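>>> sequence and predicted structure, then a few things I'm wondering about:
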Amino acid sequence: EAGVVQSPRYKIIEKKQPVAFWCNPISGHNTLYWYRQNLGQGPELLIRYENEEAVDDSQLPKDRFSAERLKGVDSTLKIQPAELGDSAVYLCASSSPGQGYGTQYFGPGTRLLVL
Amino acid sequence: KQEVTQIPAALSVPEGENLVLNCSFTDSAIYNLQWFRQDPGKGLTSLLLIQSSQREQTSGRLNASLDKSSGRSTLYIAASQPGDSATYLCAVTPSGNTGKLIFGQGTTLQVKP
């Protein structure tokens, strides 16, 4: 079974530029999560999708961040414009209802550096 | 607001030593607690998951305990090996929001040959 796929793996941009991250969850997983992990910290949830619906986006900075999951499968997270403080690892995870609360499968992440 | 804290932030031990990683949380209203492992450049892998009604879980050389009333969990690693070098993260699932994981900041472990 293929795991959660994320691309790109690394991205370097200058501040004020836009950037987008892509995630393909495990086949059949209807719940998808985006996390941000700052250096030396644990991941923090940005947004959670149940199929196409964003059911928890309370931690998403909506002035510059946006996300979509149009067909309930792949998802894209966008930052526009990027700021220096956005440098972090962006992790995508997915889960299935029958696996129990808290069971999430994580992708390798996209490491973003904003110069 | 639930907060999860891990101590120490970093730990270096010689190979073969037994060690304990600590995790504390401020709100005892949790559904479960997990310990994850994170290797550089890779995603998180769940090691052990303890339901709120359980006291401990074991997998191989790993043993995790949970004391919900005091807001504490420990991860015990027996006979450490260089391959155990990684960052270990503790995370809780809040009872009031079972779709969420709240993580500690992690403990980076180095096991020296």
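Thanks, I have it.
>>> quick check: closest non-adjacent residue to the closest residue to chain B within chain A.
Nearest residue of chain A to chain B: residue A:42, at 2.9 Å (CB to the nearest CB). C-beta: built from backbone N, CA, C; applies to glycine. Closest residue to residue A:42 apart from its sequence neighbours, by CB to CB, 6 or more residues apart in numbering or on different chains: residue B:103 at 2.9 Å.
>>> list the contacts for that neighbour?
Residue B:103 sits next to A:42-44, B:4, B:36, B:89-91 when contact means CB atoms under 8 Å, 6 or more residues apart in numbering or on different chains.
>>> stretch A:68-76 and chain B, are they touching?
No: using CB under 8 Å from any CB of the partner chain, stretch A:68-76 stays clear of chain B, coming no nearer than 14.8 Å.
>>> flag every buried residue along that stretch.
By neighbour count on 16 or more other CB atoms under 10 Å in any protein chain shown, the buried set for stretch A:68-76 is A:69, A:73, A:75.
>>> also stretch A:30-40?
For stretch A:30-40, using 16+ other CB under 10 Å, the buried residues are A:31-37.
>>> keep only those of the residues you listed that are in helices.
Within those, no residue falls in helices by DSSP state H.
>>> JSON lines for those residues, including distance to residue A:62?
As requested, the buried residues of stretch A:30-40 are exported to JSON lines (distance: CB to CB, whole Å):
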{"residue": "A:31", "distance to residue A:62": "21"}
{"residue": "A:32", "distance to residue A:62": "18"}
{"residue": "A:33", "distance to residue A:62": "17"}
{"residue": "A:34", "distance to residue A:62": "13"}
{"residue": "A:35", "distance to residue A:62": "17"}
{"residue": "A:36", "distance to residue A:62": "14"}
{"residue": "A:37", "distance to residue A:62": "20"}
